[in-house]
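*Asks:* Would you be able to build a 3D model of this:
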Amino acid sequence: MGVSRRPSAIRVEIGELVLDGFRADPAHVSAAFERELTRLVRLRGVPLAAHGALTVDALSGLAPLPAGLSARRLGQELARAVHEGLSGHGEVTP
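*Replies:* Predicted coordinates for the structure are as follows:
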């Protein structure tokens, strides 16, 4: 019997998302962001934390997003960008 390397729980805590230049409703963006990030973490995990707990203060260097997106789409795209950062793409500030 092998030992599972998948953690029993993954906790991602986002302190603040700053959205400058977007007109979408923040509550709807936040809900879509949370749903999509949860889906991505369940599906793909958090590669940067594969070897243990990880704390990241900031993710930067991620792809820009178009300003005209709907709240749902903006939340999804933000979650994908954050997950990309948690997957080792972009610049991580520990």
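
*Asks:* going forward, measure contacts and count neighbours with C-alpha atoms only.
*Replies:* Will do.

*Asks:* In the longest helix along the chain, which residues are buried?
*Replies:* Determined from DSSP state H, the single longest helix within the chain is helix 26-44. Neighbour counts over helix 26-44 (16 or more other C-alpha atoms under 10 Å) mark 26, 28, 29, 30, 32, 33, 34, 36, 37, 38, 40, 41 as buried.

*Asks:* Spatially nearest residue to the fifth one (excluding sequence neighbours)?
*Replies:* With C-alpha to C-alpha, 6 or more residues apart in numbering as the measure, residue 75 is the residue that lies nearest to residue 32, at 4.7 Å, once sequence neighbours are left out.

*Asks:* Contact partners for that neighbour?
*Replies:* Listed by C-alpha atoms under 8 Å, 6 or more residues apart in numbering, the contact set of residue 75 reads 28, 29, 30, 31, 32, 33, 34, 36.

*Asks:* can you pull out the helices in the protein?
*Replies:* Assigned by DSSP H, the chain shows helices spanning 26-44, 71-86.

*Asks:* I'd like the ones you listed laid out as TSV, including mean pLDDT and distance to residue 14.
*Replies:* Formatted as TSV, the helices of the chain follow (pLDDT from 0 to 100; distance: least, C-alpha to C-alpha, whole Å):
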stretch	mean pLDDT	distance to residue 14
helix 26-44	91	10
helix 71-86	87	10
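
*Asks:* what would the ones you listed look like in TSV with distance to residue 17?
*Replies:* What follows is the helices of the chain, written out as TSV (distance: least, C-alpha to C-alpha, whole Å):
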stretch	distance to residue 17
helix 26-44	9
helix 71-86	9
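
*Asks:* For residue 19, state which of the contacts of residue 75 is nearest.
*Replies:* Of all the contacts of residue 75, the one with the least separation from residue 19 (C-alpha to C-alpha) is residue 29, at 9.7 Å.

*Asks:* doesn't residue 71 make contact with the closest one?
*Replies:* Yes - using C-alpha atoms under 8 Å, residue 29 makes contact with residue 71 at a distance of 4.6 Å.
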